[in-house]
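Visitor: Prediction below, plus the sequence it came from.
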Amino acid sequence: MSRWKFFVLLVLLLVSFLGVYLLGNGRVHLWDRDEPRYANASRWMARTQDWVVPRWGFGTIDEAREPRTAKPPLIYWAQAASMKTFGDTTFAARFPSAVATTALLGLLGIVLARSVGQRRALWTVFILGSAGMVVASSKMCVTDAVLLLFITTMLLAVAAVRLGHRARWITAILWLAVALAGLTKGPVVLGVMVTTLLVLACFDRTGKWTSPRAWLDAVRWWRFLRPVMGLVIICVVVGPWLYLVSGRAPGFLTESISHDVINRMRSGLEGHKGPPGFYLLTIWGTYFPWSLLLPASLILAWRHRHLPHVRFALSAVIGPWIMMELVQTKLVHYVLPIFPALAFLTADAIVRFARRQYTDLEKRSWIITTGVWGVIVALVGLLPWTALWVFDRADVPVFGAAVFTGVACMMGLVTFLCYRAKNVRFAALSMGAGFIGLVVVMYTLYLPDAKYLRLPVRISADLKSLGATGEGSRGRVFMIGYREPSVAWYQDGTIAERDSGWLDSLLSQELPRWVVMTRSEWDQFTPPLVQDAYDIKSTERGWNYAGGKVVEVLVLEKRGE
């Protein structure tokens, strides 16, 4: 393949993926609860021009000024800058994630083309760009996409040093990526780096396990990572913000480290605790559709672990994976840093199978497996229809559901037929293109019109029609029972969350003018005197997916106001 052909194909892939990552982002509502938390804080930063301390962007004035210690500031900087450019919109909040993922794919394509060949580079870009969790992170305004860009840059630089490229500019890029990843999500990047190096040392060791000399030889090259240079770069990049935030919000760093780093490792925060092997189960969904090839890819990688690139990629999968399994707080996206290495191993397997170096994918057992997989994909394509069991047809986009089902069935069938015809390349293309087709349908024909999912948008529209927005409503709009932060985003950030216990003291204080409350809270826990003080202005019914249940939400206005 000529350089020009490779360049054209890479650019086409990047432009196509960027288009998919941006498609529908302005029409599909923010997903509770993480997306609106980031978006609200970024909007507050953009409006107040406070670029040092991330703060909650909703509630009363005092609550709005409460620091958000969950993450360092870089993601808020990126989203706030995007909002300053494109406006205060959902599209703007998600824009940095789409750009970061596209930049990651471009970086991988260029670096891998020079080191492992153009075919493997293109396949890696195609696989990673169409992997389920990568697509999801590219279309959400959270830290994952930006963090993945910096972690992958760090790993590529470490791999270059391991392969003999010892120039100082490479290690400078390495530690700059570490510093920027630290400004995005704290020290997790160092965990990924250290665990990868430890597993790589196990592979590189040539003597006995108990031989100190064997281990010393395996880690001798680590000195070329230049940790002293790294410390200087990290201090220069991160130090100024650490100094400023310590002065502006003295408890910020202590709370961030103790709660979001130490406690996250020791216990399952917010109920997100899973058993050992959690990611071994969830990888089949998060790495979809390429999880179909996961066993074969790992088996081939193990067979070829003597090859430097395969060995490093295998280490970059095993090390961080084990680390995340040991961390007590578990969420499906925590293993996202292994996806670039996993995509390369999958690409390597596809190239070998396509060249018929191995014939495992031509066996009858594999054909049966792909047939079962195709049936599962078709069944997944029926999921949008399940909403009709609970909600009215007017709340469910039937046409979008039909197209989604059709694309899923076609994807499963074509993939099966291609594997049956022993055409691995077309089968892989069908898997990736089919999944991207599902994403396009979902974000253009289904999600924008799925009223049962857009409960926060509908509630906020009701509040705006009542005038419960803007500075005049600050401190006078409360959420009880249904307390999703996306309501604050769409209502313009003046609504405050209150738990059910607040109802007990409601009579002893001034009643707020507007209240958002679930029907169950209204019927079971609200005192009669309070009920007499309010009129029900609107009722909205939908699926509270963050809570996992169908809810009816009331919008109340105080009588006489």
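Guide: Alright, I've got the coordinates.

Visitor: Residue 472 - how many residues pack around it?
Guide: If you count neighbours by other C-beta atoms under 10 Å, residue 472 ends up with 11. C-betas here are computed from N, CA, C, even on glycine.

Visitor: typo on my end, residue 418
Guide: Using other C-beta under 10 Å, the number of residues around residue 418 comes to 19.

Visitor: Am I right that it is in a strand?
Guide: No: residue state for residue 418 (DSSP: H, G, I helix; E, B strand; the rest coil) corresponds to helix; a strand is not indicated.

Visitor: Give me the nearest residue to it, chain neighbours excluded.
Guide: residue 427 (3.6 Å; C-beta to C-beta, 6 or more residues apart in numbering).

Visitor: Touching, that neighbour and residue 411? I think so.
Guide: No: if you go by C-beta atoms under 8 Å, residue 427 and residue 411 don't touch, sitting 10.9 Å apart.

Visitor: any idea which helix or strand carries residue 543?
Guide: strand 534-544 (DSSP states H and E).

Visitor: Domain map for this structure?
Guide: Per automatic domain parsing, the structural domains of the chain span 3-30+69-354, 362-451, 454-558.

Visitor: of all those domains, which has the lowest average per-residue confidence?
Guide: Comparing mean pLDDT across the domains of the chain, the weakest is domain 454-558, with a mean of 86.

Visitor: Just the terminal-to-terminal distance for that domain.
Guide: Chord length of domain 454-558, first to last residue, is 25 Å (C-alpha to C-alpha, to the nearest Å).

Visitor: Name the SS class of residue 553, please.
Guide: strand.

Visitor: burial count for the nearest residue to residue 142 once chain neighbours are set aside?
Guide: Once flanking residues are discounted, residue 142 sits nearest to residue 34: 5.3 Å by C-beta to C-beta, 6+ apart. Residue 34 has 19 neighbours, counted by other C-beta under 10 Å.

Visitor: Would you check that residue 34 makes contact with residue 143?
Guide: No: counting by C-beta under 8 Å, no contact exists between residue 34 and residue 143, whose distance comes to 9.1 Å.

Visitor: what helix or strand is the residue nearest in space to the middle of the chain on?
Guide: Centroid-nearest residue in the chain: residue 137, 3.2 Å away (criterion: C-alpha atoms, centre = their mean). Element membership for residue 137 (DSSP H and E) is helix 132-138.

Visitor: Quick one: list the elements packing against that helix.
Guide: helix 3-22, helix 90-115, helix 144-162, helix 278-286, helix 424-441 (3 or more C-beta pairs under 8 Å, 6 or more residues apart in numbering; DSSP states H and E).

Visitor: returning to what we had before: what about the residue nearest to the centre of the chain, distance to residue 458?
Guide: Going from residue 137 to residue 458 by C-beta to C-beta, to the nearest Å gives 27 Å.

Visitor: try residue 133
Guide: Taken as C-beta to C-beta, the span from residue 133 to residue 458 is 29 Å.

Visitor: Residue 438 now?
Guide: Taking C-beta to C-beta, one finds residue 438 at 26 Å from residue 458.

Visitor: Those two: which has the busier surroundings?
Guide: For residue 438 versus residue 458, the count of surrounding residues by other C-beta under 10 Å is larger for residue 438: 24 against 20.

Visitor: Checking the residue lying closest to the more buried one once chain neighbours are set aside next. Helix, strand or coil?
Guide: Nearest in space to residue 438, with sequence neighbours left out and distances taken as C-beta to C-beta, 6+ apart, is residue 407 at 5.6 Å. Secondary structure for residue 407, judged by three-state DSSP, is helix.

Visitor: Pull the number of nearby residues for residue 407.
Guide: Per other C-beta under 10 Å, the neighbour tally for residue 407 reads 21.

Visitor: please begin residue numbering at 57 from this point
Guide: New numbering, starting at 57: the last item is residue 463.

Visitor: now it: how far from residue 448?
Guide: Distance of residue 463 to residue 448, given as C-beta to C-beta: 25 Å.

Visitor: now do residue 482
Guide: The spacing between residue 482 and residue 448, counted by C-beta to C-beta, is 42 Å.

Visitor: Spell out which residues sit in contact with residue 518, please.
Guide: Counting by C-beta atoms under 8 Å, 6 or more residues apart in numbering, residue 518 makes contact with 593, 594, 596, 611.

Visitor: isn't the third one right up against residue 514?
Guide: Put plainly, it is residue 596. Yes: in this structure, residue 596 is within contact of residue 514 by C-beta under 8 Å, at 4.8 Å.

Visitor: Please identify the helix or strand for residue 534.
Guide: Using DSSP H and E, residue 534 falls within strand 533-536.

Visitor: Give the partner strands of that strand in its sheet and their orientations.
Guide: Applying DSSP bridges to the sheet, strand 533-536 is found paired with strand 551-554 (parallel), strand 570-574 (parallel).

Visitor: Check those for me and report the most buried one.
Guide: strand 570-574 (a mean of 26; mean count of other C-beta atoms under 10 Å).

Visitor: Neighbour count: residue 482 and residue 448, which is higher?
Guide: More neighbours surround residue 482 than the other of residue 482 and residue 448, with 16 against 11 (other C-beta under 10 Å).

Visitor: Now do the contacts for the nearest residue to the more buried one once chain neighbours are set aside.
Guide: Using C-beta to C-beta, 6+ apart and skipping the chain neighbours, the partner closest in space to residue 482 is residue 474 (4.4 Å). Residues in contact with residue 474 (C-beta under 8 Å, 6+ apart) are 480, 482, 483, 486.

Visitor: between the residues you listed, which is nearest residue 182?
Guide: Residue 182 lies nearest to residue 486 out of these, by C-beta to C-beta, at 11.9 Å.

Visitor: So the closest one sits against residue 470, correct?
Guide: Yes: using C-beta under 8 Å, residue 486 is in contact with residue 470, at 4.5 Å.

Visitor: what's the angle from the helix or strand harbouring residue 514 to strand 570-574?
Guide: Using DSSP H and E, the element containing residue 514 is helix 511-521. Relative orientation of helix 511-521 and strand 570-574, computed by axes from the mean of the first three to the mean of the last three C-alpha atoms, to 10 degrees: 150 degrees.

Visitor: before we move on, the earlier item: quick one, what contacts the residue nearest to residue 474?
Guide: Residue 483 sits next to 426, 471, 474, 475 when contact means C-beta under 8 Å, 6+ apart.

Visitor: Quick check: the gap between it and residue 176.
Guide: Taken as C-beta to C-beta, the span from residue 483 to residue 176 is 17 Å.

Visitor: Equivalent analysis for residue 314, please.
Guide: 43 Å.

Visitor: Quick check on these two: which one has the bigger neighbour count.
Guide: A side-by-side neighbour count of residue 314 and residue 176, using other C-beta under 10 Å, places residue 176 first with 19 against 13.

Visitor: Name the nearest residue to the more buried one, sequence neighbours excluded.
Guide: That would be residue 403: by C-beta to C-beta, 6+ apart, it lies 5.1 Å from residue 176.

Visitor: repeat for residue 133
Guide: Nearest non-adjacent residue to residue 133 (C-beta to C-beta, 6+ apart): residue 107, at 6.5 Å.

Visitor: right, and that neighbour touches residue 98 too?
Guide: No: Residue 107 is beyond contact range of residue 98, at 10.8 Å (criterion: C-beta under 8 Å).

Visitor: intersection of neighbour lists for these two?
Guide: residue 136.

Visitor: And the two? Which one has more around it.
Guide: It is residue 98, of residue 107 and residue 98, that has more neighbours when counted by other C-beta under 10 Å, with 27 against 15.
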